[in-house]
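Student: Structure for this input, please:
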Amino acid sequence: MKHLSQSFSVKFEYPVYFTAGIFNQTNTLLNDFLLNSATSSSIRKILFVVDKGVIDVNPNLIQDIQQYFSLYNKVQLIQDILIVPGGETAKNDLLYFNQIVEAVNTYGIDRHSYIAAIGGGAVLDMVGYAAAVSHRGIKHIRIPTTVLSQNDSGIGVKNSINFLSKKNFLGTFVPPTAVFNDEQFLETLSDRDWRSGISEAIKVALLKDAEFFNWIENNTPALVERDINIMNHLIWKCAQLHMEHIAGTDPFESGSSRPLDFGHWSAHKLEYLTNFEIRHGEAVAMGIALDTVYSNLAGRISSQECNRVIQTLQNLGFEISHHLLQVEGDNSPILAGLEEFREHLGGRLTIMLLNGIGHGEEVHEIDTEILKQASEKLGQIGLNCTN
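Tutor: This is a model prediction of the structure:
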C-alpha cells in the first residue's frame with residue numbers, strides 16, 4: 001500500500017500594544033503599524049466593527065476614526081462602520097456575523113486588508129470568527145475596550161460564536177494580526193464592567209503566579225477605587241501570563257486540556273442558565289469560588305488559602321454564589337456544564353483544580369458529593385472554609 005506523509009509548522013507572531021487615545025491624531029501607533037505591516041502593493045482597506053456600548057459612551061468615536069484615516073490614508077477606510085450589540089447578543093444571533101461577511105463581499109475586503117473590531121470580548125470573538133472564515137482568513141485587528149478583553153480574550157488566539165445553545169460551539173484558533181489596548185476606553189466603563197474582568201487576573205494568578213495573587217490581594221482597595229495605574233499593571237501582568245501560556249506546547253488546545261480555564265466549566269453553564277444576565281467575569285468569579293472551595297474540601301489546599309481567595313473576591317465586590325450553582329442532586333442544571341465542558345474539549349473531562357495558590361493541577365473526574373458540599377458552603381453568609 002502506498003503512503004504519503006507531510007509535516008510542516010507555521011509561525012504565528014502578533015504584537016500587543018498598550019497606549020492611550022489610539023485615534024488621537026497625534027498618536028501615530030496604529031498608522032505606523034499599518035505602514036510597517038504591508039504585505040502587498042495593492043490597495044489595502046480597513047473595515048471597522050464597533051460595539052454599540054462603546055459608541056454610547058464615546059459618541060465621537062466614529063468621527064474620530066474617520067478623521068484619523070483622513071489624515072493617515074495609506075490604508076483606505078471603509079466609511080460604512082458597522083455597529084453591533086455588545087455582550088453575548090453579538091455571538092448568539094447570526095445576523096451580526098452575516099453582516100460582516102456581507103460587508104467583506106460588498107466592499108471587496110481581501111486578504112491583504114483588515115477587519116478591526118472595537119469592543120468587549122464577545123464582539124471581538126464574533127468579529128474574529130467572521131474574519132477567520134472570510135476568504136479563509138482576513139487580517140484581524142483587535143481593539144479591546146473592557147478589562148476582561150484587554151487582559152484575557154482580546155490577547156488570545158480564539159474566535160467564536162454561540163450555536164445550538166452552547167457557548168463557543170463554532171469557532172477557530174486564529175491569532176489576531178495585532179492588538180491595541182487603549183486605557184482611555186477603560187475610563188468609560190461602569191463599575192460592574194471595571195470589576196468583572198479582574199476575575200480573569202485572579203484566575204491566572206491562582207494557577208501560575210502566587211506573587212501576582214499577593215499583589216492583587218494587597219491592591220484590592222486601589223482596584224475598587226479605580227486607580228488606572230494599578231489597573232494598567234494588572235492588565236499588563238495578566239496579558240503577559242496569558243501570552244506566555246499561549247506560547248507553550250498546545251496553543252490551539254489540540255488535546256483535552258484547557259489549563260487556563262479554572263472556574264470556567266460552571267461559569268459557562270451559569271451564563272446560559274441566567275440568559276447571560278450575569279457577565280462572563282462575574283460567572284468566572286463564582287466558578288473560581290466553587291472550584292476553590294471544592295479544592296479545599298478535597299484536601300488540596302488549606303483553609304487559610306481558600307479563605308484568602310474567597311475574601312479577595314468579596315473585597316472586590318464579586319458575588320461568590322448563585323442559586324443556580326447549587327448542586328442538590330444528579331439532575332441539578334449546573335452539572336450539565338461538566339458534560340458540555342468535556343464535549344467542548346473533544347475528549348475526556350479535564351478540570352483544573354488548585355494544589356495551592358499559584359499551583360494548578362488537572363483532574364479528570366469530579367466528586368458530586370464534594371461539589372454539593374462546596375456549593376452549600378458558598379451559599380452560606382460569611383463563608384469560612386474548613387478542613
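Student: ok, A298 - how many residues close by?
Tutor: 18 (other CB atoms under 10 Å). Backbone N, C-alpha and C define where each C-beta goes, glycine included.
Student: okay, now K166: neighbour count?
Tutor: Neighbour count for K166, taken as other CB under 10 Å: 14.
Student: Would it be right to say that V50 lies in a strand?
Tutor: Yes - counting by DSSP: H, G, I helix; E, B strand; the rest coil, V50 is part of a strand.
Student: In contact with it, which residues?
Tutor: 61-62, 81-84, 117-119 (CB atoms under 8 Å, 6 or more residues apart in numbering).
Student: and it, what pLDDT?
Tutor: For V50, the pLDDT comes out at 97.
Student: who does it bridge with?
Tutor: Here V50 sits in beta bridges with I83, I118, as judged by DSSP bridges.
Student: what about it, distance to Q99?
Tutor: From V50 across to Q99, the span is 12 Å (CB to CB, to the nearest Å).
Student: Now do the shared contacts for those two.
Tutor: Common contact partners of V50 and Q99 (CB under 8 Å, 6+ apart): 82, 84.
Student: need the next SSE after the helix or strand of the chain with the lowest mean pLDDT, C-terminal direction.
Tutor: Sorted by mean pLDDT, DSSP states H and E, the helices and strands of the chain end with helix 336-345, the least confident at a mean of 68. From helix 336-345 onward toward the C-terminus, using DSSP states H and E, the following helix or strand is strand 351-356.
Student: what about that following strand, distance to the chain center?
Tutor: 20 Å (CA atoms, centre = their mean, to the nearest Å).
Student: For that strand, list every residue counted as buried.
Tutor: The neighbour-count check on strand 351-356 (16 or more other CB atoms under 10 Å) flags 351-354 as buried.
Student: With distance to H3 as added columns, please give those in TSV.
Tutor: Shown next, in TSV, are the buried residues of strand 351-356 (distance: CB to CB, whole Å):
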residue	distance to H3
I351	39
M352	39
L353	43
L354	46
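Student: D32: which of those is nearest?
Tutor: M352 (39.2 Å; CB to CB).
Student: So which residue is smack in the middle of this structure?
Tutor: Nearest residue to the geometric centre of the chain (CA atoms, centre = their mean): S153, 2.5 Å.
Student: Now for it: which residues touch it?
Tutor: Neighbour list for S153: 121, 124-125, 144 [criterion: CB under 8 Å, 6+ apart].
Student: Based on its surroundings, how many neighbours for L186?
Tutor: L186 is flanked by 22 other residues according to other CB under 10 Å.
Student: repeat for R308
Tutor: R308: 18 surrounding residues under other CB under 10 Å.
Student: List the contacts of it.
Tutor: 217, 357.
Student: ok, and for the helix or strand where it lies, which residues are buried?
Tutor: Assigned by DSSP H and E, R308 belongs to helix 303-315. Residues 305-314 are the ones in helix 303-315 that count as buried (16+ other CB under 10 Å).
Student: ok, of those residues, which one's closest to G281?
Tutor: L313 (11.1 Å).
Student: Who are the contact partners of the closest one?
Tutor: L313 sits next to 199, 202, 285, 288-289, 320 when contact means CB under 8 Å, 6+ apart.
Student: coming back round to it: quick one: which of the buried residues of strand 351-356 is nearest to I301?
Tutor: Taking CB to CB as the measure, I301 sits nearest to L354 out of the buried residues of strand 351-356, at 5.0 Å.
Student: now that closest one, which residues is it bridged with?
Tutor: G360.
Student: what residues are up against it?
Tutor: So L354 contacts 206-207, 262, 291-292, 295, 300-301, 305, 360-361 (CB under 8 Å, 6+ apart).
Student: Next: V363.
Tutor: Counting by CB under 8 Å, 6+ apart, V363 makes contact with 350-353.
Student: so which of these would you say is closest to Q67?
Tutor: Taking CB to CB as the measure, M352 is the one of those closest to Q67, at 46.2 Å.
Student: Could you chop the chain up by domain?
Tutor: Following automatic domain parsing, one finds the domains of the chain at 16-188, 191-378.
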